[in-house]
Structure formats: structure tokens, C-alpha cells
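Trainee: Could you work out the structure for the sequence below:
(2 chains)
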Amino acid sequence: MSLVSGLTGFKTLTKREILRFLRRPRNTFVPPFVTNVLYFAVFGVILGDRVGEISLADGDPVPYILFILPGLVVLGAISNAFENASFSIFHGRWNEYIEETLTSPMPYSRMVAAYIVAGATRGILVGSLIAVIGAFFTSVGVARPLYLLAFGLVVSLLFASFGVVVGLWADDWDNLTMMNQFIVRPLVFFGGVFYAVRELPSPYQELSFLNPMVYMVNGVRYGFLGVSEVDPVWSLAVLTGLTAAVAGLDVALFERGYGLTD
Amino acid sequence: MTAAIDVENLQKRYEDVRALDGVSLTVPEGSFFGLLGPNGAGKTTFINILVGLVRRTGGRAEVFGHDVEDDYRRARDAIGLAPQEFNVDRFFPIREVLQHKAGYHGIPESTAGERADEVLRRVGIYDKRDTRFDWLSGGMKRRFMLARALITDPDLLILDEPTAGVDVQLRHDLWDLITELNEGGTTILLTTHYIEEAERLCDEVAILDSGRLLTVATPEELMDRGPDRITVTLRDAPATVPDLPTLAAGEREGRIEAVELDGDKLVVTATRGGLVAPDLVRALDRAGHEIVDFDISRTSLEEVFVEMTREGGGDRTAEPVAADGGELP
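Mentor: As a prediction, this is how the structure comes out:
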């Protein structure tokens, strides 16, 4: 008998989680591909020509299709990061095969890290796929690559972490759908994906800044376009702190056995 | 020698239900230990506490000296579990499932594949290595459950109803395999509804009922506790039960529970009938009865088990006992 050490367990579970979605592209990559082609075609090309250009807080006005591209990247990234973690944990609980992991000597913190990393990986892959789709519809550059990378990473990690909580909390499939459809998507849609928040009248403009999605969308927009309605440094700091807090909650829930043990 | 499993006053409550009510038990390293009990006795709860799927409400539980909660990594590192339910990852072929399980236990990818092949060969389903679990037959699924428990080369193998629903041939194959593992030094904890299985395989058995430990003993000791049935066929049927001093003394001492006459057959129900029978034969001979046939029917472990766990029949006020059958200090 040898005491388990190192990161073998973490690497194995991360690999398992990533292979699970890579081997099922029809379930993981095709739907966001189709949806985003439609978004770009309808909102970007057909409606975008009528909307014209959008002015942000600083910098030159940008064409509408270019304006919505970062928001769609965020929407795809966070939805998929959230869905991957929540589905995988809930499905494992539902069919009880999560016990393969739970009965192992792997520390709970590494189990959580594996679910978050795998979920975030899917989020980043889907976000990248959407950016590539966007590039077929409009000429898009990356003004602040490090910011883009940092925001892409942190929003994916945040929603994968959030997905872990929901995967543990849900006791039915409807719970997962409810969280995605009635909480995540509305927040994203009111988070400045399709319009500039500063164009809203008071008090909707002020209220919008209570929506964390505004900071995520604007952070990624800053990475692509170099312009943002909020301070990107402050946004990144707050989102990083939030991610650390939710990931810490994940670990605490695993250690307590919430949703996992009797 | 450190005990493979050592629990003291182990408790688990679900609101008003006491799934485990102060169980104290020691399973020696290297032993083949059976855990028997009717449905709802607490067997699976006991196992799940050891592997971390159920949190205890009170008491102490250790595996090879490691507390199952405070030092869970070392405790779980020693355990291979084949649960009753098929809790298997259905997304991947079974060989990959085994590789993943090995990885969770810290076995590097470079050797996990070899180990997976080895255990699949050992349980006889290597040819199905690229098949997903759902496509295996019922018997193959049971074999796979054992393979998954073995992939980490555990020091303690926990088998929860490993032969439930399998045919006779497979049951014997599995018995041979786990006996071989036990002879190689692996401690086995077995729960089963097949009493014959416990009687045949186990060094010791514990009987649980309603969350309480009723007894711990060897199968032989348990069978000695039940009454045996001695049937003596006489040449000439007597009109009444022969008046023999041996029978009277046995009844006084409590060794003989009942004496009945059924035509030419004298039926004596006695504890440890093998010790009563010679005196009975001699006494009948001295009284002038000619014996034409003689039979001792030994109490089966199953009958002892049923008697102990029958509603109202078991010793529900029994104090927790140690694995050697004695009272705990």
C-alpha cells in the first residue's frame, strides 16, 4: 500500500472530464456553432446593418456586429463552462458513478479543481469557436490579448465553479435547466451583450452595473476592441475574487459531503 | 497486528431512524469476514461509512488504524469496494473506466493500462475491454465490479452482495477468485444474503439486525448454538416415549429441548446433538430397544440466522460484542 501523492488523481479526473465532452461534439460543439452562426447572421448582418455603429465610453464607435461579438463569446463560454460542470456532477450523482471518485483517496480540493478546470476548458474552447465564427462575418482583431486571455479564463473558471455548486444542489434535471434558462441567460442578455449599458436611461443604467455580467462582457470586449464601459483592471480583480470565493465554496461543499453523502 | 477494520460504538441516525446503533466490531487483518443481516439491517450503511459515502453520527471507525474521516486518504487508499449497485461510469469503455479508477488512486497512467488488462483477464472479461458497461451481460457486470475493486490492489476488499443474481457457475468462479485473494493476504469483508456463501467462505461472521450487532462468531460456533435433530428408528414402535435417565438428565441440564415419538421414530431435539447421541444410543440399547436406523440433522447457519433475526426472536437487548465473541471492555 502506498499513500497517494502528487497530482495523478487530479490529472486523471480532468482528462476524464475533458474526454467526456470532446468525444461528443454533437452535444457540446455543434449546438453553439449553429446558434452562433444564427446570432451573427441575424443580429450581426441583417439587424446590424440597420443598427449601425455603437459608441462606447472611450474610443471610436464600432460596427454593431463587432460590438456583439465579445458578448456572444462570453455567453458561449460561460454557458458551456457552467453546463459542463453542473451536468457532469449531477449526472454522476444521478447514476451514482461519482462514487468512483468519492471513494478514492484524492483530496476533495483536487476533485473540485478537476471539475472546474475541465468546465473552464470547454468554456474557452466554445468561446474560441464563437470568435472564429465571428471572424467569418466581420473583421475582428485582438486589441488587448492579455486582457482577453485573462477575462476569458476568469469568466470560464467562475461559471465552472458556479456549475459545481448547482451540480451539487440540484435534485432533478429541471433544476439544471432552470438555473441556465432563468438565471444565467437573463443576466447575460441584460449584461450588455446586445446593447451598450450607457445608452440605458436611469435607473436601468445604474441597476445594470449591479449585474456581474456587465463586467464580464465589457472585460472581454476590452480584450477584443480595446474599449470598455467599465474599468477593466477593477473588473478583473473583482471577478478573480469572486471566482476564488465560489471555488472555495465548492471545496467546502465537497468536504461537507453536500449532495454527495448521507 | 493492526486490525483491518476497527469500529467502536458506531452510530448513524437518519432523523428518527437508527441505521447503526452502537456497533463495535474488529475485523482482523487477513481474515475473511462475513456481515450478515436482513434487508435494512445496516450492512450497506456500515460499508459506506468506511468508504466515505455516509457520514457517521457518532463513534469511531478505522481502517488499518486510519480514521475514515480524519485520515480518509490513507483509509480509502487501502480499500477496494465492489458495491451492490452498479455505480459505473457509462460514458467510457470498461478498460478506460478501470484506468480512471486507478488514476484516482494515484496509479500513473503508464501502469494503469497494464493493471486494467491484468484484472480484466483475472475476472475473465478481457475480450470485452472496449465495451461500455451497459452492453455487458448481468454476469459480466458482476465480474467487472470485482475487477474495479481489484484495480488498486487493495489490502481490504469489501464485497457487498457480490453474487446477487448470478448463476451457479459464476458464483463458484467468484468464490474461487476471492478465496485465492484471501489466501494471498487480502482481508475480505463480505455481505451476502446467501448464507451458504458465508458458511463456505468466512472465518467469522457478524450478524446485524436493525442497526445492532447481535453476534460475532465462526460459522461453526453459530451452528453449535442451534439445536440438532436426532432421529432414531426402532425395530418395535414403543407405545410411549421410552423413560430413559439420559433423556431426563439432558432435559434437566437444558441440552435436550424436546423428545417426541412419531410411530417407530424417536426424535430428540438437542443442542450439540453429536454429544447427546452416543449416550442416547447406549441408553436405548440397555433398555432393550433395537435400533434399525439413526440420523443426526445439524442446524444450518441459515436456521440460526433466521432464528436470531426473526422479528421478536433475536436478542435485541444484546450488548455489543467484540469480534472474538467476548464482551467489549
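Trainee: How about the residues of chain A by chain B?
Mentor: A:1-6, A:8-9, A:11-13, A:15-16, A:19-20, A:23, A:92, A:95-97, A:99-107, A:257, A:260-262 (C-beta under 8 Å from any C-beta of the partner chain). Where you see a C-beta, it was placed from the backbone N, CA and C, and this is true even at glycine.
Trainee: just the helices in chain A please.
Mentor: Here chain A has its helices, by DSSP state H, at A:8-22, A:25-28, A:30-39, A:47-51, A:64-94, A:99-102, A:108-137, A:145-169, A:173-179, A:185-189, A:204-208, A:212-225, A:232-256.
Trainee: How about chain B?
Mentor: Using DSSP H, the helices of chain B run over B:43-51, B:72-77, B:94-104, B:109-123, B:138-150, B:168-183, B:195-201, B:219-225, B:245-253, B:273-286, B:301-309.
Trainee: Who are the packing partners of the third one?
Mentor: Packed against helix B:94-104, as judged by 3 or more C-beta pairs under 8 Å, 6 or more residues apart in numbering or on different chains; DSSP states H and E, are the following elements: helix A:8-22, helix A:99-102, helix B:109-123, helix B:138-150.
Trainee: of all these, which lies closest to B:Gly185?
Mentor: helix B:138-150 (13.6 Å; C-beta to C-beta).
Trainee: Tell me the spacing between B:Pro278 and B:Thr246.
Mentor: B:Pro278 sits at a distance of 10 Å from B:Thr246 (criterion: C-beta to C-beta, to the nearest Å).
Trainee: of the two, who's got more company?
Mentor: B:Thr246 (20 against 10; other C-beta atoms under 10 Å in any protein chain shown).
Trainee: which non-adjacent residue is nearest that one?
Mentor: In space, and not counting its chain neighbours, B:Thr246 is closest to B:Ala283: 4.1 Å by C-beta to C-beta, 6 or more residues apart in numbering or on different chains.
Trainee: And for A:Tyr258?
Mentor: Take A:Tyr258 and drop its neighbours on the chain: the residue closest to it by C-beta to C-beta, 6+ apart is A:Leu168, 5.5 Å away.
Trainee: how near is the one you found to A:Leu102?
Mentor: The value you get for A:Leu168 to A:Leu102, if C-beta to C-beta is used, is 12 Å.
Trainee: Per-residue pLDDT of A:Tyr64, please?
Mentor: pLDDT recorded at A:Tyr64 is 85.
Trainee: The residue nearest to A:Tyr258 against A:Leu260, yeah?
Mentor: Yes: taking C-beta atoms under 8 Å as the definition, A:Leu168 is a contact partner of A:Leu260 at 6.8 Å.
Trainee: Name the residues contacting each of these two.
Mentor: When contacts are counted by C-beta atoms under 8 Å, 6 or more residues apart in numbering or on different chains, A:Leu168 and A:Leu260 have A:93, A:254 as shared neighbours.
Trainee: Among the helices and strands packed on helix B:94-104, which comes closest to A:Val230?
Mentor: When the helices and strands packed on helix B:94-104 are compared by C-beta to C-beta, helix A:8-22 sits nearest A:Val230, at 31.6 Å.
Trainee: chain center to the closest one: distance?
Mentor: How far helix A:8-22 lies from its chain's middle: 19 Å, per C-alpha atoms, centre = their mean, to the nearest Å.
Trainee: State the mean pLDDT of it.
Mentor: Mean pLDDT, helix A:8-22: 96.
Trainee: go on, stretch A:186-194?
Mentor: Average pLDDT, stretch A:186-194: 85.
Trainee: Enumerate the residues of the stretch 101-250 of chain B near chain A.
Mentor: Counting by C-beta under 8 Å from any C-beta, the residues of the stretch 101-250 of chain B close to chain A are B:101-109, B:148, B:155.
Trainee: Among those, name the buried ones.
Mentor: Buried members of these, counted by 16 or more other C-beta atoms under 10 Å in any protein chain shown: B:101-107, B:148, B:155.
Trainee: Residue ranges in the chain under the pLDDT threshold?
Mentor: As the question left the chain open, I've gone with chain A. Scanning chain A for pLDDT under 70 picks out the ranges A:1-5, A:56-59.
Trainee: right idea, wrong chain: chain B
Mentor: By pLDDT under 70, the low-scoring segments of chain B are B:1, B:311-329.
Trainee: mind running it again at 80?
Mentor: The model of chain B has pLDDT under 80 over residues B:1, B:165, B:193, B:196, B:223-227, B:244-255, B:272-274, B:298-329.
Trainee: ok, now which ones touch the nearest residue to B:Gly250 once chain neighbours are set aside?
Mentor: Spatial nearest neighbour of B:Gly250, chain neighbours left out: B:Ile256 (3.4 Å); criterion: C-beta to C-beta, 6+ apart. Neighbour list for B:Ile256: B:247, B:250, B:268-271, B:276 [criterion: C-beta under 8 Å, 6+ apart].
Trainee: out of those residues, which one sits closest to chain A?
Mentor: B:Thr271 (41.5 Å; C-beta to the nearest C-beta).
Trainee: so how far is B:Pro227 from the closest one?
Mentor: Taken as C-beta to C-beta, the span from B:Thr271 to B:Pro227 is 6 Å.
Trainee: Give me the more crowded residue out of the two.
Mentor: Neighbours were counted for B:Thr271 and for B:Pro227 using other C-beta under 10 Å; B:Pro227 has more, 21 against 18.
Trainee: Once you drop chain neighbours, what's closest to the more buried one?
Mentor: Closest to B:Pro227 by C-beta to C-beta, 6+ apart is B:Thr269, at 4.9 Å.
Trainee: Counting neighbours, what do you get for the one you found?
Mentor: Neighbour count of B:Thr269, defined by other C-beta under 10 Å: 17.
Trainee: Show me what it is bridged to.
Mentor: Per DSSP bridges, the residues bridged to B:Thr269 are B:Arg229, B:Ala258.
Trainee: Quick one: residues contacting it.
Mentor: With C-beta under 8 Å, 6+ apart, B:Thr269 has these contacts: B:227-230, B:256-260.
Trainee: In the stretch 1-150 of chain B, which residue sits closest to chain A?
Mentor: B:Gly103 (2.7 Å).
Trainee: residue closest to the middle of chain B?
Mentor: B:Gly34 (2.6 Å; C-alpha atoms, centre = their mean).
Trainee: And it, how far from B:Glu204?
Mentor: Taking C-beta to C-beta, one finds B:Gly34 at 7 Å from B:Glu204.
Trainee: Same check on B:Ala75?
Mentor: B:Ala75 is 21 Å from B:Glu204, by C-beta to C-beta.
Trainee: Could you do A:Asn80 as well?
Mentor: With distances taken as C-beta to C-beta, A:Asn80 is found 53 Å from B:Glu204.
Trainee: again, but for B:Leu98
Mentor: To B:Glu204, B:Leu98 is 31 Å away according to C-beta to C-beta.
Trainee: So these two - more neighbours on which side?
Mentor: More crowded of B:Leu98 and B:Glu204, by other C-beta under 10 Å: B:Leu98, with 26 against 21.
Trainee: Thought B:Leu120 was touching the more buried one, still the case?
Mentor: Yes: with contact defined as C-beta under 8 Å, B:Leu98 counts as touching B:Leu120 (7.1 Å).
Trainee: For these two, list the residues in contact with both.
Mentor: Both B:Leu98 and B:Leu120 are contacted by B:Ala147, under the criterion C-beta under 8 Å, 6+ apart.
Trainee: For B:Ala116, which non-adjacent residue is closest in space?
Mentor: Nearest residue to B:Ala116 in three dimensions, chain neighbours excluded: B:Leu98, at 3.8 Å (C-beta to C-beta, 6+ apart).
Trainee: Contact partners for the one you found?
Mentor: Counting by C-beta under 8 Å, 6+ apart, B:Leu98 makes contact with B:112, B:115-116, B:119-120, B:147-148, B:151.
Trainee: Closest one to A:Phe151 out of those, please.
Mentor: Of the contacts of B:Leu98, the one sitting nearest to A:Phe151 (C-beta to C-beta) turns out to be B:Ala112, at 36.8 Å.
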